[in-house]
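Undergrad: structure of the sequence below:
(4 chains)
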4 protein chains.
Amino acid sequence: MHPSADRRYVLTLSCPDTTGIVARIAGFLADAGGWIVEAGYHSDVDTGWFFTRQVVRADSLPYDIDELRARFAQVAAELGAQASWTVTDTGVPKRAVVLASKEMHCLHDLLGRVAAGELPVRLEAVVGNHDTLEPVVRAHDVPFHHVPFPGDAEGKAAAFAEVERLVDKHEPDAVVLARFMQILPARLCERWAGRALNIHHSFLPSFVGARPYHQAHARGVKLIGATCHYVTADLDAGPIVEQDVIRVDHGDTTADMVRRGRDIERLVLARGLRWHLEDRVLVHGNKTVVFR
Amino acid sequence: MHPSADRRYVLTLSCPDTTGIVARIAGFLADAGGWIVEAGYHSDVDTGWFFTRQVVRADSLPYDIDELRARFAQVAAELGAQASWTVTDTGVPKRAVVLASKEMHCLHDLLGRVAAGELPVRLEAVVGNHDTLEPVVRAHDVPFHHVPFPGDAEGKAAAFAEVERLVDKHEPDAVVLARFMQILPARLCERWAGRALNIHHSFLPSFVGARPYHQAHARGVKLIGATCHYVTADLDAGPIVEQDVIRVDHGDTTADMVRRGRDIERLVLARGLRWHLEDRVLVHGNKTVVFR
Amino acid sequence: MHPSADRRYVLTLSCPDTTGIVARIAGFLADAGGWIVEAGYHSDVDTGWFFTRQVVRADSLPYDIDELRARFAQVAAELGAQASWTVTDTGVPKRAVVLASKEMHCLHDLLGRVAAGELPVRLEAVVGNHDTLEPVVRAHDVPFHHVPFPGDAEGKAAAFAEVERLVDKHEPDAVVLARFMQILPARLCERWAGRALNIHHSFLPSFVGARPYHQAHARGVKLIGATCHYVTADLDAGPIVEQDVIRVDHGDTTADMVRRGRDIERLVLARGLRWHLEDRVLVHGNKTVVFR
Amino acid sequence: MHPSADRRYVLTLSCPDTTGIVARIAGFLADAGGWIVEAGYHSDVDTGWFFTRQVVRADSLPYDIDELRARFAQVAAELGAQASWTVTDTGVPKRAVVLASKEMHCLHDLLGRVAAGELPVRLEAVVGNHDTLEPVVRAHDVPFHHVPFPGDAEGKAAAFAEVERLVDKHEPDAVVLARFMQILPARLCERWAGRALNIHHSFLPSFVGARPYHQAHARGVKLIGATCHYVTADLDAGPIVEQDVIRVDHGDTTADMVRRGRDIERLVLARGLRWHLEDRVLVHGNKTVVFR
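TA: Numbering: from 1, shown residues only, chains lettered A, B, ... in the order given. You can find the predicted model right below:
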């Protein structure tokens, strides 16, 4: 199969910094006639780490992605045992599963974006702990699974086991907690590490935990925000992918903040998810490099 | 029927400025025991015009809205023949009809917001010149009418006549052109004056007319924007309700601008519509006073 | 002396909310023929408190400011013992003293703004704990006092006593800590309560205390900010007047954040100070109402 | 002389795009042991042009900047006759001359930034068509030249000849029109092409020409902006380096817009100038690539 002119291979790599890495990678691509259409580099002075993301026209290379992976693996190996890399194909759509609750604004937004072709992803399923969203999800031709979450620990554990099963069968590239309102057990945080994205309704690290808009209102801040981060076992403390804020004033009640904050939650989650899907986000320790 | 504690009456008034207007209106409300929960005033030095918007708890007044209207009409009459006023009841939902095309992002956004209870409006109908959006619209329990727009003038006139019929039977408070992509005939601009809101995908007055993102790309601007304005017969020149921008750079192609601009179009239209529905927008000449 | 057409009296009042306050104040002004050019009202549902700020053309009133104060005191008295009010005259310039350190960007910015007529204030003096800024301050015709701050507690106490003396002799309306880098003793916090404005170089409540940009860098946030707040004995916890943020990314070192953050510090302090000087900021508990 | 660890060489290059350019440049640097600390690439699909900016630690190269230039010239030559490149040394401060008028806010801002070490530049001189700014400029140890601009064409021509002489003797890297309020003659536009930066007080292309805030007020826009662009003979139409906006509303008079717009003018000019001085701005046709 000949790849189309629009098809790209996306390479990411992070490794300890040293002289000549850019030349090594660029030389490797040039030797194969690779046409680079996007290239991002970051050299982190604090950690001494190097990060890159390269986008190559698929039709400019004389071999397929498997061969590209095999060859790039050799380049990466030269850069040391700590080097970490990925090679993906924009012609193969990424897969996502969304976990949602009754707070539906982020889910609606994602459905609309996918329908409009704005997000390079196939929504494999929506798992909701309420069934109110089912008709709209189905109208978008996305399967909906209702998994109620009881209040007791045992019932919750069973519900999470069911969620896990429903998610894992799709082997998703992204598990999106779209205001899911349930704290993932540590085991799932681990299992979906680097793939599970949450949207928290505050400008972290301010207002960790429950009811952040109430906290913001009580403190009298003049801006409220939202944070998209990777989920880790440490609540609301995972690597931050994107944040934004919106101005509020004394006239905004907590309810106004809740409503107005949704605009930021929607945008921040959509941007964070997009960058994740496009392999723009490289995680190192508890921080991210985002090649926008 | 006793109004609930959440129910409010919203009064707006504009008239030539003079001393004592605030006292006259505030006194009128105080005499009736009216509990003012929001009050905005604007005295425009250039035009010598005065604008106000008052929100009163419905249950604080000893009479109903008809009586309020009758009495407020007398107050307004004292302020001169040019005084213009409205009194509305938040307990009576506003009605809107949305005109849409294949560019579906604004429509999806509005449907999501109405479903989430973010916009104080009942969507009476969506009229689309393509039928692709029908399933999702119907899943939201909103009627969908498909009115194809042929290329010839006669066919277009007939299509607009049908749109007019479908819109007017709902006597909507707002006619929302959610990237409708058809220029309203002057007669409809007139008919729906002060009720028809359009979203234009540029920061007006830059890039009037067709393909504004292409114009923006060609000029090399560093921000792109969107404008929500009332529709007038003068294309893209009506009173501006809301505008916002987003940063772009040399890496953004026209296609990127089209995609990224949608985030601003969605937000700006939703905000403009919300303010219109809450009677926050007072038009004077070709400018607006927006009591946010 | 007849006041000019530009001269205004600014009235502020806060008191427990009840029906008829707007009418009482507006009626009071209308009875005297007062021409209101700006009017802000806020009714706070959580605390049950009412706030207003009114701006009246001085030449529209038949009496002078002393008489206005005497009469308005009566109106306020009717509104209860908890009512708090001010009446100021824009024809009488406010006075400010700036406390500065080696971090000179905020001071330079304030000097430039005052010189350009952007801030309605007379800079009575700058007190600096280094003398590097003296020539530029003097070139602006502002007195400069050098008060070194030794490291020991006793020397510091003496230095603060000298600062207090230098400040208090001007009876300033604003004491501006323009990156002063010294923690005010509790006694001065108390003495200058509601007049001392600080600029903190983070988006509070994130990153309280020392080296906030280092904290922000370590956490990997995507926005950095600044906060202008009234100084209280509780460090970085006083009522917030204004905040803003700027986007950063992985490419920004801590030094970049320090440099780029200055743009926000300058703006936020200048806006906060302006609003304070224009009597736009009403403090209630640990929160502010800002009539912009 | 051994360069310090902080000293960098900055290489920029633009040329028709083709495969292998990145590899050629990166290979060239790697062969010499060059340690790349920043690297930006842009491949423009519309024009088929390639742009890069590389920052190398000076102490990582075995030769000096003259040798670097000689060798890089050979690399560039291989990339075709249209290739355009620069190599600069951060150890050699850039030189700027500022042209100013009575609108002093941008000049004050630049002086403060230079004093605070925020801008990598030596201010060689300020040329003002009024002498009000002289004391403050001199307090910053910057020479001030007063060149009055008479109203008649002949006097103006003579004044511009004097400005030209005062500017050119410093061979500046940047000629900054900090609200200079005089239209440069075509000859000077040509002579200082790519070095003369202007700040226009609107979000171009809206409101070209005189009194843009008045135009903005008349149109009722909800945001006002400023644009930093290279000066060309075509008024306000040169390549845009940076733009930003600030929110206004119906309460803002033209005078308020003038005052509030200054905050954006200051920021936009300072950012544009900084990027220019750091060789981050590559001009191609009427557009810029800005490697931030």
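Undergrad: can you name the residues of the stretch 101-250 of chain A that neighbour chain C?
TA: A:203-207, A:217, A:219-223, A:225, A:239-240, A:242-245, A:249-250 (Cβ under 8 Å from any Cβ of the partner chain). Heads up, the C-betas are built off the backbone N, CA and C, glycines and all.
Undergrad: what's the mean pLDDT across stretch A:250-258?
TA: The pLDDT scores in stretch A:250-258 average 96.
Undergrad: for that stretch, buried residues please.
TA: Neighbour counts over stretch A:250-258 (16 or more other Cβ atoms under 10 Å in any protein chain shown) mark A:250-252, A:254, A:257-258 as buried.
Undergrad: equivalent analysis for stretch A:229-244, please.
TA: Buried residues in stretch A:229-244, counted by 16+ other Cβ under 10 Å: A:229-232, A:236, A:238-244.
Undergrad: over to stretch A:133-143?
TA: Applying a neighbour-count criterion of 16+ other Cβ under 10 Å, one finds A:133-134, A:136-137, A:139-140, A:142 buried in stretch A:133-143.
Undergrad: TSV for the residues you listed, including distance to C:Leu184?
TA: Listed next are the buried residues of stretch A:133-143 as TSV, based on distance: Cβ to Cβ, whole Å:
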residue	distance to C:Leu184
A:Leu133	53
A:Glu134	59
A:Val136	56
A:Val137	57
A:Ala139	61
A:His140	58
A:Val142	58
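Undergrad: which one of those is nearest to chain B?
TA: A:Ala139 (3.3 Å; Cβ to the nearest Cβ).
Undergrad: grab the nearest non-local neighbour of the closest one.
TA: Computed as Cβ to Cβ, 6 or more residues apart in numbering or on different chains, the closest residue to A:Ala139 that is not its neighbour in sequence is B:Ala139, at 3.3 Å.
Undergrad: what of A:Thr88?
TA: Nearest non-adjacent residue to A:Thr88, counting by Cβ to Cβ, 6+ apart: A:Val10, 4.9 Å away.
Undergrad: wait, isn't the one you found in contact with A:Val92?
TA: No: the criterion here is Cβ atoms under 8 Å, and A:Val10 misses it with A:Val92 at 10.9 Å.
Undergrad: ok, those two, which is more surrounded?
TA: More neighbours surround A:Val10 than the other of A:Val10 and A:Val92, with 17 against 11 (other Cβ atoms under 10 Å in any protein chain shown).
Undergrad: on that earlier part again, out of the buried residues of stretch A:229-244, who's nearest chain B?
TA: Among the buried residues of stretch A:229-244, A:Asp244 lies closest to chain B (Cβ to the nearest Cβ), at 10.7 Å.
Undergrad: for B:Ala58, see how far away the closest one is.
TA: Applying Cβ to Cβ, to the nearest Å, the value for A:Asp244 to B:Ala58 is 37 Å.
Undergrad: figure out the helix or strand that A:Leu99 lives in.
TA: Element membership for A:Leu99, per DSSP states H and E: strand A:94-100.
Undergrad: the helix or strand following that strand: how far from the chain's middle?
TA: Next helix or strand after strand A:94-100 toward the C-terminus (DSSP H and E): helix A:105-115. Put simply, helix A:105-115 sits 15 Å off its chain's centre (Cα atoms, centre = their mean, to the nearest Å).
Undergrad: the helix or strand just after helix A:105-115 close to chain B?
TA: Counting by DSSP H and E, the next helix or strand C-terminal to helix A:105-115 is strand A:121-128. No: applying Cβ under 8 Å from any Cβ, one finds strand A:121-128 separated from chain B by no less than 13.4 Å.
Undergrad: name the residues of strand A:121-128 that are buried.
TA: Within strand A:121-128, the residues that count as buried by 16+ other Cβ under 10 Å are A:121, A:123-128.
Undergrad: dump the C-alpha coordinates for the longest helix seen in chain A into PDB.
TA: When chain A is parsed with DSSP state H, its longest helix is helix A:254-277. Taking Å, rounded to 0.1, in the frame of the first residue of the first chain, the C-alpha atoms of helix A:254-277 are listed here in PDB:
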ATOM      1  CA  THR A 254     -20.000  29.800  43.000                       C
ATOM      2  CA  ALA A 255     -22.700  28.700  40.600                       C
ATOM      3  CA  ASP A 256     -21.500  31.200  38.000                       C
ATOM      4  CA  MET A 257     -18.000  30.000  38.500                       C
ATOM      5  CA  VAL A 258     -19.100  26.400  38.000                       C
ATOM      6  CA  ARG A 259     -20.900  27.400  34.700                       C
ATOM      7  CA  ARG A 260     -18.200  29.700  33.400                       C
ATOM      8  CA  GLY A 261     -15.400  27.300  34.400                       C
ATOM      9  CA  ARG A 262     -16.900  24.700  32.000                       C
ATOM     10  CA  ASP A 263     -15.700  26.800  29.100                       C
ATOM     11  CA  ILE A 264     -12.200  26.400  30.300                       C
ATOM     12  CA  GLU A 265     -12.600  22.800  31.200                       C
ATOM     13  CA  ARG A 266     -13.800  22.000  27.700                       C
ATOM     14  CA  LEU A 267     -11.000  23.800  25.900                       C
ATOM     15  CA  VAL A 268      -8.200  22.600  28.200                       C
ATOM     16  CA  LEU A 269      -9.300  19.000  27.900                       C
ATOM     17  CA  ALA A 270      -9.700  19.200  24.200                       C
ATOM     18  CA  ARG A 271      -6.300  20.700  23.700                       C
ATOM     19  CA  GLY A 272      -4.600  18.400  26.100                       C
ATOM     20  CA  LEU A 273      -6.200  15.400  24.400                       C
ATOM     21  CA  ARG A 274      -5.300  16.600  21.000                       C
ATOM     22  CA  TRP A 275      -1.700  17.000  21.900                       C
ATOM     23  CA  HIS A 276      -1.600  13.600  23.500                       C
ATOM     24  CA  LEU A 277      -3.100  12.000  20.400                       C
END
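Undergrad: phi, psi for the closest residue to A:Val137 other than its chain neighbours please.
TA: Among residues not flanking A:Val137 along the chain, A:Phe144 sits closest, at 4.3 Å (Cβ to Cβ, 6+ apart). Main-chain dihedrals, A:Phe144, degrees, to the nearest 10: phi -120, psi 130.
Undergrad: give the contact list for A:Phe144.
TA: With contact taken as Cβ atoms under 8 Å, 6 or more residues apart in numbering or on different chains, A:Phe144 is in contact with A:125-128, A:131, A:133-134, A:137-138.
Undergrad: of the residues you listed, which is the nearest to chain C?
TA: For the contacts of A:Phe144, the residue nearest chain C by Cβ to the nearest Cβ is A:Val126; the value is 27.5 Å.
Undergrad: can you name the residues bridging to that closest one?
TA: Here A:Val126 sits in beta bridges with A:Val98, A:Phe144, as judged by DSSP bridges.
Undergrad: give me the three-state assignment for A:Gly251.
TA: Following DSSP: H, G, I helix; E, B strand; the rest coil, the label given to A:Gly251 is coil.
Undergrad: hmm, C:His42 and it touching each other?
TA: Yes: counting by Cβ under 8 Å, C:His42 is a contact partner of A:Gly251 at 6.2 Å.
Undergrad: report all helices and strands that the helix or strand where A:Trp85 lies contacts.
TA: Following DSSP H and E, one finds A:Trp85 within strand A:84-89. Here strand A:84-89 touches strand A:8-16, helix A:65-78, going by 3 or more Cβ pairs under 8 Å, 6 or more residues apart in numbering or on different chains; DSSP states H and E.
Undergrad: which residues does the residue of the stretch 101-250 of chain A found nearest chain C contact?
TA: At 3.6 Å from chain C, A:Gly220 is the closest residue in the stretch 101-250 of chain A, using Cβ to the nearest Cβ. Shown in contact with A:Gly220 (Cβ under 8 Å, 6+ apart): A:250, C:239-240, C:286-288.
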